[in-house]
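> Turn this into a structure:
(chains A and B)
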Amino acid sequence: MQFRLEKRREPSRLMSYITPFAAVLLTMVLGTVIFSLIGYDGLGAVREIFLTPLTNSYKWQDLGIKAAPLIIIGTGLSIAYRANVWNIGAEGQYVIGGLAGTGIALLTYGMTGWWILPLMVLAGILGGMAYAAIPAFLRTRLNVNEILTSLMLTYASVQLIYYLIRAPWKDPMGMGFPQTRLFSEAARLPTIIPGTIVHLGVPIAVIVGIVAWFIMTRSVFGYRMRVVGAAPHAARYGGFSENKTIWLAMLVSGGLAGLAGVLEVAGPFQRMVPGFPTNYGFTAIIVAFLGRLNPLGVIVAGVVLAITFVGGEVAQTTIGLPNAATGIFQAMMLFFLLAGDILIKYRLRRVSPQPSVGAA
Amino acid sequence: MTLSRRTFVKVGGAALAMPLLGSRAFAQLEKIKIGFIYVGSINDNGYNYAHNQGRLYVEEQLGDKVETVYVENVPEGPDCERVLRELAQQGCNLIFATSFGFGDSVVKVAPQFPDIAFEHATGYMSGPNIGLYNARFYEGRAVCGTIAGHMSKTGKAGYIGSFPIPEVVMGINSFVLAARKVNPEFTIKPVYISTWNDPAKEADAARAMIDQGIDIVAQHTDGPAALQVAAERGIVGGFGQGADMSAFAPDTQLTAIIDHWGPHYLASAEAVLAGTWAPGNTWEGLKEDVVQMGPYGAKVPEDVRAAADEVKNGQIDGSFHIFTGPIKDNTGTERVAAGVTMTDAELLSMDWYVEGVEQPA
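Now for the predicted structure:
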């Protein structure tokens, strides 16, 4: 029996929905095998990583706050990637968004007022946009590849944190530790469910995903993004300027990354610390692809990635799985997803071996 | 019944608890579950490795009366909060948060679990169920500095720091003060890399400083990367930090500062078992065996070993304290008068550098 890959006449919709689930399932199966082979309780590992965070209601709040930034950034990236604009520097835009919000929080330190938090959020979004504007400018004016510039600007943004929290923004009470002071009450994101740590950022993430889905499927903007990505020639013929699309894609993805940054610093962190960049911007790339570049899919994918983070810690404490296991599971998921993509354009077909001529 | 070490501990613990029965918020326990969170990997062969050795020490000593769990590579931020709650929810009676940056999270989570004992290493924020523990690493630094003063040919050392917090600043100062007692021209160049554990950054910093003429490297980060660079570049040497790192640079490690947390962890575990745990604030060093010195490297000549031993033993018997005046800061102002020894409180808030330290950027 032989198999052959055969090109489909048109990409399979069914496959594009099935492969993300298949990728998660395959990850679980292979994860069980691999960790059993190296001497851990493989089945237990998969159970603790993928199921415990879902079955233990105490973990839901953790999933929510871990998924929120992934969903917000992932949504922005899914829009940009749809238009074939490869913003890899969401981490940097997230950092600048967080710093912009921190700036407002420190300027208004000790003040009260409902306007402080919205102002911080606005500053965060604008900060992320401004930082994404640099690669957009370089790409549209000088034709510099945005993958490199956006990625490298991430490292610059981290150095900016270090500079700010070591000197001008240093906490006067921090025993010399490079961090800002704790924000005053008015600059902290409120928790929305009493007795938990679920903050306002969680519903905002879901709303961002839904609104983005609506815009992408029902508006001219969404149409433009999809057409430019899917059929650049047709888009140019139809009058959509490529440069304008790049600008829109970078600003939207940068602005959303900035939003995630300011929500994160005002919510869980409540001050700027050197540990603020925690790779949400990079993990969100996996989220965007696992969600099939569809904002609704991104919401689900954000939760799946949050599960692996939270579950990874559960597995460490309950069955002594090393921390690196979480990374292995996440990488396997992306690997299977990308490998599975071939089934969207190709089909697997069984072929009977050709009888060789003249053998009879 | 045979009197094993274990039953001995059990009986001893019970006896200790007797007079206190009913007077404490913490109940006596049959068995204890201890959680540890580490900022890096237990395989870093340095700081986190040493904490994990402490965990294993407790397991070995208490046997089936203890169960331990740990979570490694926990970022210093909200993720730490989640891990603390996870450990609390899994029934840990005692939780050790082993890095400075976990402080905020411990302070947030501990009040939600008043029955659990929390201990935060190297921090400064305590609470009704938050104890603090630290080690006098600076005592080991004084021994390293003595060796550096003798052996450096250029009279310049590099120092890779994580963050300019008092713990790190006092380590640098102790090192330089000791080195300048031997070579009054000795200077040090600190570089802060804003992380506890990033071998690539540690190695880069070491390379850059070697290019600028240092021939001794010391570090207050978690791994052996700087030592490996020192070996590769063939400079005079460096020091292990947190653990004996001689396996990584056998000819280059001159000695090592070894964190020996086991006895402290055991004492806390026994106190929780006995129901006598109360938030403490311990700061122990060479004398209490919480800080140990590694073996001298083959390169270190006899007379230098003797000088280093003298500094070490002086700190153990209390006759020598590295922070005894006169001490000038690096702008030339006298900060500590002759014959005066700095207090612990002064050390724990130290934010200035002594003479011989190049002001870091």
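
> tell me the SS of the closest residue to residue B:113 other than its chain neighbours?
In space, residue B:113 comes closest to residue B:88 once its chain neighbours are excluded; the distance is 4.6 Å by C-beta to C-beta, 6 or more residues apart in numbering or on different chains. C-beta: built from backbone N, CA, C; applies to glycine. State at residue B:88, reduced to three classes by DSSP: H, G, I helix; E, B strand; the rest coil: helix.

> Next up, the contacts around residue B:88.
B:35, B:95, B:109, B:112-113, B:116 (C-beta atoms under 8 Å, 6 or more residues apart in numbering or on different chains).

> Can you go through those residues and name the buried ones?
B:35, B:95, B:109, B:113, B:116 (16 or more other C-beta atoms under 10 Å in any protein chain shown).

> So the last one versus residue B:156, what's the distance?
Distance from residue B:116 to residue B:156, counting by C-beta to C-beta, to the nearest Å: 48 Å.

> got it, and the first one?
Taken as C-beta to C-beta, the spacing of residue B:35 relative to residue B:156 amounts to 43 Å.

> Please apply the same query to the second one.
If you measure residue B:95 against residue B:156 using C-beta to C-beta, the figure is 42 Å.

> which residue does chain A bring closest to chain B?
Nearest residue of chain A to chain B (C-beta to the nearest C-beta) works out as residue A:268 at 3.4 Å.

> Phi first, then psi, for that residue.
phi -70, psi -40 (degrees, to the nearest 10).

> Just give the number of residues close to it.
Per other C-beta atoms under 10 Å in any protein chain shown, the neighbour tally for residue A:268 reads 22.

> pretty sure it contacts residue A:202?
No: under the criterion of C-beta atoms under 8 Å, residue A:268 makes no contact with residue A:202, lying 11.0 Å away.

> and for those two, which residues touch both?
Common contact partners of residue A:268 and residue A:202 (C-beta under 8 Å, 6+ apart): residue A:65.

> For residue B:36, what is the enclosing helix or strand?
Using DSSP states H and E, the element containing residue B:36 is strand B:32-37.

> contacts for that strand?
Outside strand B:32-37, the residues touching it (C-beta under 8 Å, 6+ apart) are A:317, B:51-52, B:55, B:58, B:62, B:65-72, B:74, B:80, B:83-84, B:87-88, B:90-99, B:102, B:265, B:269, B:272-273.

> how about low-confidence regions in chain B?
B:1-26 (pLDDT under 70).

> Just the terminal-to-terminal distance for stretch B:220-234.
21 Å (C-alpha to C-alpha, to the nearest Å).

> Would you mark the buried spots in that stretch?
B:220-231.

> for the residue in the stretch 251-361 of chain B positioned nearest to chain A, phi and psi?
Chain A sits closest to residue B:351 of the stretch 251-361 of chain B, with a gap of 4.9 Å, by C-beta to the nearest C-beta. Phi and psi for residue B:351, reported as degrees, to the nearest 10, are phi -130, psi 20.

> ok, it - contacts?
Residue B:351 neighbours (C-beta under 8 Å, 6+ apart): A:176, B:164, B:166, B:169.

> and if you look at residue A:89?
A:131-132, A:135, A:149-154, A:281.

> which residues in the stretch 201-350 of chain A form helices?
Using DSSP state H, counting those that start in this stretch, the helices of the stretch 201-350 of chain A run over residues A:201-218, A:220-230, A:232-237, A:242-264, A:280-290, A:295-319, A:324-340, A:342-345.

> what's the closest of these to residue B:241?
Nearest of these to residue B:241, taken as C-beta to C-beta: helix A:324-340 at 23.3 Å.

> Just the buried positions in that closest one, please.
Neighbour-count burial for helix A:324-340 flags A:325-326, A:328-330, A:332-334, A:336-337, A:340 (criterion: 16+ other C-beta under 10 Å).

> just stretch A:170-183 next, same as before
Buried, per 16+ other C-beta under 10 Å, within stretch A:170-183: A:170-171, A:174-183.

> contacts with chain B among the residues you listed, please.
A:175-178 (C-beta under 8 Å from any C-beta of the partner chain).

> Can you tell me the closest non-neighbouring residue to the residue in chain B that chain A sits nearest to?
Closest contact between chain B and chain A, by C-beta to the nearest C-beta, is at residue B:78 (3.4 Å). Closest residue in space to residue B:78, ignoring its immediate chain neighbours: residue A:268 at 3.4 Å, by C-beta to C-beta, 6+ apart.

> and stretch A:184-199 with chain B, contact?
Yes: remark: stretch A:184-199 sits within contact range of chain B at residue A:197, by C-beta under 8 Å from any C-beta.

> burial count for residue 39?
In the absence of a named chain, this looks at chain A. Residue A:39: 7 neighbours (other C-beta under 10 Å).

> my bad, chain B
By the criterion of other C-beta under 10 Å, residue B:39 has 27 neighbours.

> Phi, psi for it please.
Dihedral angles (degrees, to the nearest 10) for residue B:39: phi -80, psi -20.

> Please tell me I have it right and it contacts residue B:105.
No: counting by C-beta under 8 Å, residue B:39 sits too far from residue B:105 to count as a contact (11.5 Å).

> Would you check which pair of the buried residues of stretch B:220-234 lies furthest apart?
Using C-beta to C-beta, the buried residues of stretch B:220-234 reach their maximum pairwise distance at B:220 and B:231, which is 19.1 Å.
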